[in-house]
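*Asks:* return a 3D structure for these sequence lines:
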Amino acid sequence: VLHHAKTRRWFEVGDAVASKLIETSLLDLVEEKPTIKRRKAHAMPRGYVLRYCDVVCTKKYHHCHEGNKAFLKLVGSYTEAYKRTTTRPQKEALFQRVLNVVRTENSGFFLNYNSEMQQWYDVGDRLALRTILLAFCALTEQKQQQPHTK
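*Replies:* Model prediction:
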C-alpha cells in the first residue's frame, strides 16, 4: 500500500511496482520543498479533546490511541523508502513528507500532555520530526527481529 502525495490517496501495488516507484520517488524527495511553515510548540485550547488524527508523543507511545495506530501504519507504508535512503537530506525529506501528511492532509497534531497545567500542547515540528525518526527506527528494528516465513 502506497500513499500518493499529489492525489492524497492510498493505493495497492505489487512489490515490483512499489520498489520501482520508491526508487524513482527518492530523487523527488530531496528536491521537494516543505509545504507547510515550521510550527513551534504551543498550548492547545483548554478542554481540547484528542482526535483520531492526533499523535500522542511520549517516551512510551500510547498504542491504545487510534491516532498513534494510524500514525504507525503511515510510517510503516514508508519503511521501504526509508530503507532505500542513503543520505541525510533524503531521510529528512522523507520525515518531512510524513509530517506533512499528518499535519496538512489529516489535520492532526503531535501532542503531549502537561499534567501541571492539565492541558494538551503541540510539541512543534522539531520534536514531531524526532517522533517520526523514532517510529521509523522502531518499525525497521521490529521487522528485522521477525522470523522470515515462506
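*Asks:* which other residues reach the helix or strand where residue 120 lies?
*Replies:* In the assignment (DSSP states H and E), residue 120 maps to strand 119-122. Under the criterion Cβ atoms under 8 Å, 6 or more residues apart in numbering, residues 39, 41-44, 46, 48, 50, 109-114 lie in contact with strand 119-122. Backbone N, C-alpha and C define where each C-beta goes, glycine included.
*Asks:* could you identify the helix or strand that succeeds it?
*Replies:* Following strand 119-122 in sequence, per DSSP H and E, is helix 124-145.
*Asks:* that next one packs against which elements?
*Replies:* With contacts taken as 3 or more Cβ pairs under 8 Å, 6 or more residues apart in numbering; DSSP states H and E, helix 124-145 sits against helix 66-77, helix 79-84, helix 88-100, strand 110-114.
*Asks:* now these in CSV, with mean pLDDT and mean neighbour count?
*Replies:* Output for those, formatted as CSV (pLDDT from 0 to 100; neighbours: other Cβ atoms under 10 Å):
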stretch, mean pLDDT, mean neighbour count
helix 66-77, 91, 18
helix 79-84, 91, 17
helix 88-100, 93, 18
strand 110-114, 91, 18
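*Asks:* using a markdown table, lay out the ones you listed together with distance to residue 133.
*Replies:* What follows is these, written out as a markdown table (distance: least, Cβ to Cβ, whole Å):
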| stretch | distance to residue 133 |
| --- | --- |
| helix 66-77 | 10 |
| helix 79-84 | 10 |
| helix 88-100 | 6 |
| strand 110-114 | 12 |
